[in-house]
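*Asks:* Just the structure for this:
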Amino acid sequence: MEILIIAILLSVVTIYGAITMKRFYFLLGYFLFSLLAITSLIPSYKDDKYLALTSLALFLVLAIISFPARKNIVDYNINAETIPLVKSFVLRTLLALSAINVVAIFLVKFDPNMPEGISESMRIIPMIMHGVLGALPLYVMFRLFRSPKLN
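*Replies:* Model prediction:
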């Protein structure tokens with residue numbers, strides 16, 4: 001149960017970053033969430049090696065992609081030549097964050113080795129959290145691409 005409370009708090013950090021468009025908090029929430037997932041998956045390695053390795057790889061990629069950066073993209077002076085490059089990079093990063101969390105919904109649903117304290121009926125909570133974390137990058141993408149600095 002403690003792991004769910006921590007995961008919810010980390011999701012709130014990500015939601016705060018998305019609503020306020022503060023990149024640091026947005027990415028920090030994803031990064032810490034992925035570290036939490038990695039540490040909670042390690043004990044299940046002996047039970048199902050393939051599922052554990054798949055999950056570990058997925059959340060390791062999430063940690064790498066979401067390593068937080070201090071400055072927001074719109075804080076930089078972006079010239080007309082770099083706008084397509086920045087848009088492409090941001091689009092790929094946000095879609096990757098979204099895709100990883102959509103896949104994680106199914107990992108939670110079908111994982112026979114949930115962390116200790118998470119009962120079968122409680123699986124819906126992490127599934128909802130991954131759903132929210134899968135939708136937030138799409139929200140940020142919508143807001144960011146409406147920014148006059150990237151158009």
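*Asks:* what element comes up after the helix or strand where Ala52 lies heading to the C-terminus?
*Replies:* Assigned by DSSP states H and E, Ala52 belongs to helix 49-65. Toward the C-terminus, helix 49-65 is succeeded by helix 83-110 as the next helix or strand (DSSP H and E).
*Asks:* in that following helix, what counts as buried?
*Replies:* By neighbour count on 16 or more other CB atoms under 10 Å, the buried set for helix 83-110 is 86-87, 90, 93-94, 96-98, 100-101, 104-105, 107-108. Yep, even glycine has a C-beta here, placed from its N, CA and C like the rest.
*Asks:* Would you convert these into a markdown table that also reports pLDDT?
*Replies:* Listed next are the buried residues of helix 83-110 as a markdown table, based on pLDDT from 0 to 100:
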| residue | pLDDT |
| --- | --- |
| Val86 | 81 |
| Lys87 | 84 |
| Val90 | 86 |
| Thr93 | 93 |
| Leu94 | 95 |
| Ala96 | 96 |
| Leu97 | 96 |
| Ser98 | 96 |
| Ile100 | 95 |
| Asn101 | 95 |
| Ala104 | 92 |
| Ile105 | 93 |
| Leu107 | 87 |
| Val108 | 86 |
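*Asks:* tell me the contacts of the most centrally placed residue in the chain?
*Replies:* Note on the chain: the residue nearest the mean C-alpha position is Tyr30, at 4.0 Å, using CA atoms, centre = their mean. Tyr30 is in contact with Thr14, Leu62, Ile65, Ser66, Leu97, Leu133, counting by CB atoms under 8 Å, 6 or more residues apart in numbering.
*Asks:* Direction-wise, compare whichever strand or helix holds it with helix 49-65 and give the angle.
*Replies:* For Tyr30, the host element (DSSP H and E) is helix 23-41. Angle, helix 23-41 to helix 49-65, by axes from the mean of the first three to the mean of the last three CA atoms, to 10 degrees: 160 degrees.
*Asks:* Many thanks, I have nothing further to ask.
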